[in-house]
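# Here's my sequence, what's the structure:
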Amino acid sequence: MLFVADQPERLDKFLARMLPEHSRSKLVREIESGNVLVNGVMGKPSLMLGSGTEVTLEEPSEATAHDLTPAAIPLDIVYEDDWMLVVNKPRGLATHPALSLKEPSLVNALLARNTPLSEAGGAFRPGIVHRLDKETTGLLVVAKTDAAHVVLARQIEARTAGRRYVAVVEGWFPQAAARIEAPLARSPKNRLLMTVEPAGKPALTHIRRVGRVDAGCLLECRLETGRTHQIRVHLQAVGHPVVGDVLYGRGIGPMQLHAWSLALEHPSTGERMTFTRSVPDDFVNLESLWDEVAAF
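Reported below is the predicted structural model:
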């Protein structure tokens, strides 16, 4: 198994995050037994990884199995070649299997297509370079080879991949443009939630106000970092939660958050490529505002 570190982090903590089905103590034993290599060299559990560091290990024994049964779920494939594909993920579809997930995920749908998928992100999430929340719709890149996965993951970490979202939020956002920089961490009160925490991981979201809609205000959000629930928590923190967000808002109707634009360099040719998809049918009526989003 090959993993690529996406941030500075201790080796044991990184593996615990990559392999949540295994206990941290078990992963420490794997490291101490020499079964884990960091850039080809054995390391200690406390070894600090840098962004882009490659970590390899054999699949730990007695792993709890994730459901990787292929599922014939129709997918909107925006682009596909021998190295990668870009998919427009629908609402309600998790990106990859999890022990708590009872229904099929995007990974299960990809497996049903007999699509070659990278293994660099872990055995239970083949091909997955980055993720979207289950109720978030929009564009997501999938790697078909380990080499492509490493190149694409490094773009995400280096912030050279452009990821733009649109969100309808509650209330009128007062600024035409804003920069929300607030570190995020898992909530100690509810492990399902993220929260702004001074000791958390750095997180930065750029906001542009597009205009008023019946349900609130339409914003374009550009990710500079990609923390769990980042846009949702940042917008809640400034008093404008995403409409339809059951975790951080009132949760009325479908969540109004869509990854509309994805820009990256092709993992083989290096060509800069930009993909876009408009919002799904269950978004609020954006009328002429979408032209302004797309023209920016």
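# Quick test: name the residue nearest the centre of the protein.
In the chain, the residue lying closest to the centroid (CA atoms, centre = their mean) is R131, at 2.6 Å.
# shaky segments in the stretch 151-296 of the chain?
For the stretch 151-296 of the chain, residues meeting the criterion pLDDT under 70 lie at 296.
# what's in contact with stretch 116-133?
With CB atoms under 8 Å, 6 or more residues apart in numbering as the test, stretch 116-133 has contacts from 1-4, 18-19, 21, 59, 63, 66, 68, 89, 95-97, 106-107, 110-111, 115, 138, 140-146, 148-150, 152-153, 156, 226, 229, 232, 257, 259. Using the backbone N, CA and C atoms, a C-beta is placed for each residue, glycine as well.
# Endpoints of it, how far apart?
23 Å (CA to CA, to the nearest Å).
# Next: stretch 15-24.
Note: stretch 15-24 ends 8 Å apart using CA to CA.
# now stretch 66-73
Chord length of stretch 66-73, first to last residue, is 18 Å (CA to CA).
# Domain-wise, how is this protein divided?
Domain assignment for the chain by automatic domain parsing gives 2-57, 76-160+267-276, 164-259+287-295.
# export the longest helix seen in the chain as CSV, just CAs?
For the chain, the helix with the greatest residue count under DSSP state H is helix 146-158. Taking Å, rounded to 0.1, in the frame of the first residue of the first chain, the C-alpha atoms of helix 146-158 are listed here in CSV:
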residue,chain,number,x,y,z
ASP,A,146,-0.6,5.1,-8.7
ALA,A,147,1.7,7.4,-10.6
ALA,A,148,-1.2,9.6,-11.6
HIS,A,149,-2.5,9.5,-8.0
VAL,A,150,0.8,10.8,-6.6
VAL,A,151,0.9,13.7,-9.1
LEU,A,152,-2.7,14.7,-8.5
ALA,A,153,-2.4,14.4,-4.7
ARG,A,154,0.7,16.7,-4.7
GLN,A,155,-1.3,19.3,-6.7
ILE,A,156,-4.0,19.3,-4.1
GLU,A,157,-1.4,19.6,-1.3
ALA,A,158,0.6,22.3,-3.1
